[in-house]
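Peer 1: below: sequence and its predicted model.
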Amino acid sequence: MDQKTGKKRTKAEMEMQSKEEALSSTLLMLDEFAPIIPDAVTDYHLARGGFQTDDVRIKRILALATQKFISDIATDAIQFARVRQQAMQAKDRKTKVDKKTVLTMDDLSAAMAEHGVTIKKPDYYF
């Protein structure tokens, strides 16, 4: 029941209010939160893209989304590198391979392809 009007609220109205409360609490937290990507870098790239706003919270939400995107790609690239190195070790058991994970451009390309970004190797001119 709604405390202000005394009417029964539907499930959709209660869900909407819950989402609005979650959004407003998130926006309040963004005032104090500083993402890894500095505000100046975010401002620069947003200006290059033609986006202008004075609301720091919007800029920080975009910086946080970018941070998450980069983190997901890096995690996927590391997984591809580990799979590749395990395949190399299984193929050549006689040679001892370092346990360090080395990322290659192929690993990064595969991770980016999973996220919808295609990377093409440049043509080499001699």
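Peer 2: Nice, thanks for sending it over.
Peer 1: now do the contacts for the nearest residue to residue 104 once chain neighbours are set aside.
Peer 2: Counting by CB to CB, 6 or more residues apart in numbering, residue 81 is the residue found nearest to residue 104 once chain neighbours are left out, at 6.9 Å. In this view, the C-beta of every residue, glycine as well, is placed from N, C-alpha and C. By CB atoms under 8 Å, 6 or more residues apart in numbering, the contact set of residue 81 is 101-104, 107.
Peer 1: and residue 81, which of the three is it?
Peer 2: helix (DSSP: H, G, I helix; E, B strand; the rest coil).
Peer 1: and it, how far from residue 62?
Peer 2: Residue 81 sits 29 Å away from residue 62, going by CB to CB, to the nearest Å.
Peer 1: so which elements touch the helix or strand of the chain with the lowest mean pLDDT?
Peer 2: In the chain, no helix or strand scores lower on mean pLDDT, DSSP states H and E than helix 11-30, which sits at a mean of 86. Counting by 3 or more CB pairs under 8 Å, 6 or more residues apart in numbering; DSSP states H and E, the packing neighbours recorded for helix 11-30 are helix 56-91.
Peer 1: from the chain's centre, how far out does the helix it packs on sit?
Peer 2: With CA atoms, centre = their mean, to the nearest Å as the basis, helix 56-91 stands 8 Å off its chain's centre.
Peer 1: go through it and flag the buried ones.
Peer 2: Going by neighbour count (16 or more other CB atoms under 10 Å), the buried part of helix 56-91 is 59-64, 66, 73, 76-77, 80-81, 84-85.
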